[in-house]
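# Provide a 3D model corresponding to the input given below.
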Amino acid sequence: MTVIVAGSVWVDPAARDQNVAAHQVIVRAARAYPGCLDCSISPDPIDPGRVNIFEYWDSEETLNTWRAIAPSPDPTTATIESQNVFLHEVSASGPPFRATN
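Down below sits the predicted model:
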């Protein structure tokens, strides 16, 4: 079963871009890791303090193995003020738009 980790974190808007940049090394490494189907940590286009998180893994086991060896972000980046990030277990996937008759 694939898993998705998705949601948002909020940081000081003045430090958001620094926070996103500090995670580039993690995103690159995750995307190169076997079993990572996609990974993105990006600035929100509307809210200047919001950072969007998206990780797509072939299994929770792979995700947990990755987390055990993943590089850490620079500790001098922005402090997370709040977060709304969840792990989703995916039992089925399909096209995002279905034809209707």
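
# just checking, what packs against the lowest-mean-pLDDT helix or strand in the chain?
Within the chain, no helix or strand scores below helix 16-22, which has a mean of 91 by mean pLDDT, DSSP states H and E. Secondary-structure packing of helix 16-22 (3 or more CB pairs under 8 Å, 6 or more residues apart in numbering; DSSP states H and E): strand 36-43, strand 50-57. Where you see a C-beta, it was placed from the backbone N, CA and C, and this is true even at glycine.

# That one: how far from the chain's middle?
Centroid displacement of helix 16-22 relative to its chain, using CA atoms, centre = their mean, to the nearest Å, is 13 Å.

# What residues of that helix count as buried?
Under the neighbour-count criterion of 16 or more other CB atoms under 10 Å, helix 16-22 has 16, 19-20, 22 buried.

# Stretch 2-10 too?
For stretch 2-10, the neighbour count (16+ other CB under 10 Å) marks 2-6, 8-10 as buried.

# just the residues you listed now: which is nearest Glu55?
Val5 (4.1 Å; CB to CB).

# Give the helix, strand or coil label for the closest one.
Of the three states, Val5 takes strand under DSSP: H, G, I helix; E, B strand; the rest coil.

# ok, the nearest residue to it once chain neighbours are set aside - how many residues close by?
Distance criterion CB to CB, 6 or more residues apart in numbering; nearest residue to Val5, sequence neighbours excluded, is Glu55 at 4.1 Å. With neighbours defined by other CB atoms under 10 Å, the count for Glu55 comes to 21.
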